[in-house]
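>>> model the following, please.
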Amino acid sequence: MRWRLLTALWMLAILVGSLLPPALGGRGGPGWHGVGYGVLVLLMATWQPPVVAASLAWVYGALMEGLQWLVRYRDAQVEDLVANAAAVIVGLVVWALARRRRR
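The predicted structure follows:
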């Protein structure tokens with residue numbers, strides 16, 4: 001239950017960060033995508049199978065890009081979808097390494 005709550009809160013943070021106007025602190029760039037979606041897949045993998053967690057995390061990123069396309073002060077970019085996918089993959093690798101280390 002705790003991990004699901006943390007996942008929901010992290011998703012809310014991504015939503016706010018994705019839609020916040022740049023003048024109010026909205027950020028972008030590969031680093032933000034890496035942290036956002038890498039952590040998201042790690043959180044999701046605690047209560048979902050890893051493949052499901054990766055799929056959901058990437059789809060959530062695609063949804064955020066779609067929402068950014070709807071607001072005039074943000075840009076939806078294909079590069080961001082690629083950055084999200086890379087972050088999800090890195091997050092899965094970290095998850096797998098951490099899991100292996102625990103064994």
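>>> quick one: what helix or strand has the residue most central in space within the chain in it?
By C-alpha atoms, centre = their mean, the chain has its centre lying nearest to residue 37, at 2.2 Å. Using DSSP states H and E, the element containing residue 37 is helix 30-45.
>>> quick one: average pLDDT of that helix?
Averaged across helix 30-45, pLDDT comes to 92.
>>> which residues does the helix or strand that it is followed by contact?
Counting by DSSP H and E, the element after helix 30-45 in chain order, helix or strand, is helix 50-70. By C-beta atoms under 8 Å, 6 or more residues apart in numbering, the list of residues contacting helix 50-70 from outside reads 11, 14-15, 18-19, 33, 36-37, 40-41, 44-45, 48, 74-77, 80-81, 84-85, 88-89, 91-92, 95-96. For every residue, glycine as well, the C-beta is placed using N, CA and C.
>>> what's the angle between helix 50-70 and helix 30-45?
Using axes from the mean of the first three to the mean of the last three C-alpha atoms, to 10 degrees, the direction of helix 50-70 lies 140 degrees away from that of helix 30-45.
>>> just how off-centre is helix 50-70 within its chain?
Computed by C-alpha atoms, centre = their mean, to the nearest Å, the chain-centroid distance of helix 50-70 equals 7 Å.
>>> ok, and for it, which residues are buried?
53-54, 56-58, 60-61, 64-65, 68 (16 or more other C-beta atoms under 10 Å).
>>> neighbours of residue 96, just the number please.
Residues within reach of residue 96, counting by other C-beta atoms under 10 Å, total 12.
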